[in-house]
Structure formats: C-alpha cells, structure tokens
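In: Please work out how this folds:
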Amino acid sequence: MKCYQESEKKYPQPPGWLQKRAVKYGLGGITTFALVFLMWFPLVFMSLVKTVGGVTNQSLQVSVKITINGYEALFSMSAQQHNLVPFSDADDDRLTQQYALYPSAIQFLADYRPQDIVLAKIKSHASLLWDVSPTDRSAMVQELASTTAICITTS
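Out: Have a look, this model is predicted:
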C-alpha cells in the first residue's frame, strides 16, 4: 500500500483522466493473485502434508449397490463402525501372495498399505425389496436372454 502511495506522489494523475491499463490491470491482477494465494496456500499445504505424511483417514461407512444393465438397484446395503474391520499385515501378505502372478494387480496393491484398507462385513440379505416395475422386469429378462454381455455395476 505504501508503495502505491509513493508512486501516486511521483507520478500524479490529473483528476478525471483514466489510469493506464497496464497500471490498472497489473495492480489489480497482482492483488487478486495475492488474495487467492493467501487463501489457498494453507489448504494446499495441509492437504500435501497429510498425503505425504502418511496420515490415513479410515472409512466410517461403506455402501454397496449392485445394478444390472442400468435398471433399478438389485442389492443395496451399507456397513458401519462395528462391521468395519482394520486390514492386518497378515491379510496384506495373503492378498499379495494370492495375486502374485498378476503384475497389474500387484502394481495396484503396491499403492496401498494395510492401514489404508478396511474390510467391510456386508450382510447378504437386504431389507429392501427389489423395486422394479413389471414392464422393466420383462424388458430386462428379454434383454438378458438376447445378449451375451451383461453389464453389472457395483458402486
């Protein structure tokens, strides 16, 4: 601010005359950049520290939803707290040995540590009935009977 006042004293602007665009937009751009930097830098810094520092944020809830060819969800269930079990080192070793012959799976698993993984106990019975209309059900049966490829989506 003091620098701006000093420049006003050295280079006075007559009243009613427009400021030069370079001065106007240059000073405004620098001020805007400084404000954005001051707001976002702490957020980015803390995010990087948590990512690089190895702090894990374990899940408190896991939801599973299965749909067939984009129709209404066939199965939907969630697990919370007492149904979530931490992944142990022995489980990690067993999983790594099971997929040892698949390089792409090992490459995927290498990105995760046992502390990053949670086992979810999902019960096999859903409390909700399948809510598909009879028309959609018959269309789905015909679609499944006529095609060899079925798209099952899990989320």
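In: pretty sure Val85 is touching Val118, no?
Out: Yes: Val85 lies in contact with Val118 (C-beta atoms under 8 Å); the separation is 7.0 Å. No exception for glycine: its C-beta is placed from N, CA and C like everyone else's.
In: out of these two, which sits in the busier spot?
Out: More crowded of Val85 and Val118, by other C-beta atoms under 10 Å: Val118, with 16 against 13.
In: What's opposite that one in the beta bridge?
Out: Beta bridges link Val118 to Pro86, judged by DSSP bridges.
In: Mean confidence (pLDDT) on the top helix by length along the chain, please.
Out: Scanning the chain for the longest helix, with DSSP state H as the assignment, gives helix 21-53. The average pLDDT for helix 21-53 rounds to 82.
In: following that helix, which helix or strand shows up next?
Out: Counting by DSSP states H and E, the next helix or strand C-terminal to helix 21-53 is strand 61-68.
In: Name the residues that touch that next one?
Out: 73-81, 84, 118, 120, 122, 140, 144, 150-155 (C-beta atoms under 8 Å, 6 or more residues apart in numbering).
In: Just the buried ones among these, please.
Out: Buried by 16 or more other C-beta atoms under 10 Å: 73, 75-77, 79, 84, 118, 120, 140, out of the contacts of strand 61-68.
In: Under the pLDDT cut-off, which ranges of the chain? List them.
Out: Where the chain drops to pLDDT under 70, the residues are 1, 50-55, 125-129.
In: let's see 90
Out: Where the chain drops to pLDDT under 90, the residues are 1-31, 41-87, 109-155.
In: if we can go back for a sec, the contacts of strand 61-68 in strands, which ones?
Out: Under the assignment DSSP state E, those contribute 75-80, 84, 118, 120, 152-154 to strands.
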